[in-house]
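1. structure for the following, please:
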Amino acid sequence: MIAIYILSLIFIISPFLPATGNPHWFFRTADFIRLQSIAIEILLLAALSFFGWKFSTLEYIIAIGLVFSILYQLHKVYKYSSFHPRKKPDFPSDGHVSIFAANVLQDNKEFDSFLAECANYNADLILTMESNTDWEKGIASLEKTYPYSVKIPLENYYGMHLYSKKELKNITTQFQVEEDVPSIFFTYELENGEEVFFTCLHPAPPSPTENDTSKERDAELMLTGNHIREVDKPTVVCGDMNDVVWSRTTRLFKKMTGMIDPRIGRGFFPTYHAGYWFMRFPLDHLFHTKDLFVKTMIRSKNFGSDHFGMYYEIHLKKKVETPPNPNLNGEEKEEIEALIDRVD
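-> Down below sits the predicted model:
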C-alpha cells in the first residue's frame, strides 16, 4: 500500500506543475501526459479499494486528491475529445486548399511509404519536417506533381520542405528564435483569386535531450502570433508545434490570434509517438482564422516515422470577412512580451 500512496501523491501533485509557469521541461512534462495521467489516476483509485480500504484519514485525503486531479485534467482536455459537441461543422465554401503535413523523422529511410501516403491524399501542399538532404533526394519524385517547392535541408532534425502544385506567393523563410530552427511563411491563392496566408512551424521542444526549457518554443509561438495579428487575410498555422493544445502557451496563442483548433469535438488525433499507442500525445497541429473551416481532417498511416502525418482540407467560408484581432487585456499583453523577452 505504501507504493500506492507514494504514486498517488506524485500523480495528485504533478498535474498542477505547469500552472507554476516554470519553463523547465520537468514542470512542463505533465501537460503532455494528461491523458495517460488520468488513466493512471483511475487505476490508482481502483487499487486503493482493491488492496484493502481501511477508511483511514490518509486514504480519504488521497482518494479526494485523486478525484480532484482527475476532474482538473478532464476540464483541460475534454473539449478536444470526440465527446465534446462540435459547432456547425460545414459552411458554404468559396474555395479550398488541402495540406498533408508530417514530421518524417530524419533517420527514417522509408521514403516509399511516405510517398504512398502523399499519393493517397493527393493534397495541394505537402509539408515535411525533420527532412534533411537524404529526404530531399528520397522524395524527389514529388516534384513531378509538385513543381514548386521551398527546401531547407538541415541535419539537426529541424529541416523543412514544402511542395506545392501551384506557384506560391510572398515566400519567406525565417529563423525566428533559434538560428538553426526555420519557419516558412507564404501566401496561397485559391481558385477564386482569394488568398490564404500560411505559417509552417517546428519549434524545438522542452526536453532533457533538446532545450532544457520551453522558452524558445513559447517565444516562437508568441512571435508568430504577433505576426499573424498584422495579417489581414485568412490564415493557417500548421506544423509540429511540440506542444499540446491545452497548454497555457498554446491557449494564449489561440487567444491572441482568435484562431480555431479544428480538433475540438473531433477527437485528440495524437500524432506522437507512432510506435507506442499508450504514450501518444497530440503534438502536430493546425489552427485557422474564423473565416476558414476544416471539412476533412485525417491522421495518416505509420510510414516509419515516430510521428503520424495529418491531412487537412481547408475551406474559405463564403461571404465571411476576416475577423478583427481579438482584444487582449494588460495582463495577457505583459505575458506575451515576457515570453518573447526571456529568450533574449
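2. hey, C-alpha coordinates of the longest strand along the chain in PDB?
-> Counting by DSSP state E, the longest strand found in the chain is strand 93-103. In PDB, the C-alpha atoms belonging to strand 93-103 read as follows (Å, rounded to 0.1, in the frame of the first residue of the first chain):
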ATOM      1  CA  SER A  93     -17.400  27.100 -49.400                       C
ATOM      2  CA  ASP A  94     -15.800  29.700 -51.500                       C
ATOM      3  CA  GLY A  95     -12.700  27.700 -52.400                       C
ATOM      4  CA  HIS A  96     -10.400  25.300 -50.700                       C
ATOM      5  CA  VAL A  97      -6.800  24.200 -50.200                       C
ATOM      6  CA  SER A  98      -5.500  20.900 -48.800                       C
ATOM      7  CA  ILE A  99      -2.300  20.100 -47.000                       C
ATOM      8  CA  PHE A 100      -0.500  16.900 -45.800                       C
ATOM      9  CA  ALA A 101       1.900  17.800 -43.000                       C
ATOM     10  CA  ALA A 102       4.300  15.300 -41.500                       C
ATOM     11  CA  ASN A 103       7.300  15.100 -39.200                       C
END
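3. give me the distance from it to the chain's centre.
-> Relative to its chain's centre, strand 93-103 lies at 16 Å (C-alpha atoms, centre = their mean, to the nearest Å).
4. and it, which strands flank it?
-> Using DSSP bridges, the strands paired with strand 93-103 are strand 125-129 (parallel), strand 310-317 (antiparallel).
5. got the angle for the following helix or strand past it vs strand 93-103?
-> Later in the chain than strand 93-103, the nearest helix or strand by DSSP states H and E is helix 111-121. Interaxial angle of helix 111-121 relative to strand 93-103 (axes from the mean of the first three to the mean of the last three C-alpha atoms, to 10 degrees): 170 degrees.
6. helices and strands around helix 111-121, which ones?
-> strand 93-103 (3 or more C-beta pairs under 8 Å, 6 or more residues apart in numbering; DSSP states H and E). Every residue, glycine included, has its C-beta placed from N, CA and C.
7. hmm, 10 Å instead?
-> strand 93-103, strand 125-129, helix 133-138, strand 292-299, strand 310-317 (3 or more C-beta pairs under 10 Å, 6 or more residues apart in numbering; DSSP states H and E).
8. pick the most deeply packed of those.
-> Highest mean neighbour count among those (mean count of other C-beta atoms under 10 Å): strand 125-129, with a mean of 27.
9. give me the mean pLDDT for that strand.
-> Computed over strand 125-129, the mean pLDDT rounds to 98.
10. check the offset of that strand from the chain's centre.
-> That offset, for strand 125-129, works out to 15 Å (C-alpha atoms, centre = their mean).
11. before we move on, back to that, need the strands paired with strand 93-103 in JSON lines with distance to Thr235, can you?
-> As requested, these are exported to JSON lines (distance: least, C-beta to C-beta, whole Å):
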{"stretch": "strand 125-129", "distance to Thr235": "15"}
{"stretch": "strand 310-317", "distance to Thr235": "11"}
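12. all helices for this structure, in order.
-> Under the criterion DSSP state H, the chain contains helices at 2-13, 25-32, 34-50, 57-77, 111-121, 133-138, 215-228, 248-257, 330-341.
13. and Gln176, which of these is closest to it?
-> Nearest of those to Gln176, taken as C-beta to C-beta: helix 215-228 at 5.0 Å.
14. which residues sit in contact with Phe100?
-> 114, 117-118, 120-128, 163, 298, 300, 309-312 (C-beta atoms under 10 Å, 6 or more residues apart in numbering).
15. got it, and Cys118?
-> So Cys118 contacts 100, 102, 126, 128, 139, 141-142, 145-146, 163, 300, 303, 309, 311 (C-beta under 10 Å, 6+ apart).
16. near the residue lying closest to Arg229 once chain neighbours are set aside, how many other residues are there?
-> Using C-beta to C-beta, 6 or more residues apart in numbering and skipping residues adjacent in sequence, the residue nearest Arg229 is Asn325, 4.8 Å away. Burial measure for Asn325: 15 neighbouring residues, criterion other C-beta atoms under 10 Å.
17. could you do the one 4 residues further on as well?
-> Residues near Asn329, counting by other C-beta under 10 Å, number 9.
18. kindly report the same for Tyr272.
-> Neighbour number of Tyr272 under other C-beta under 10 Å is 21.
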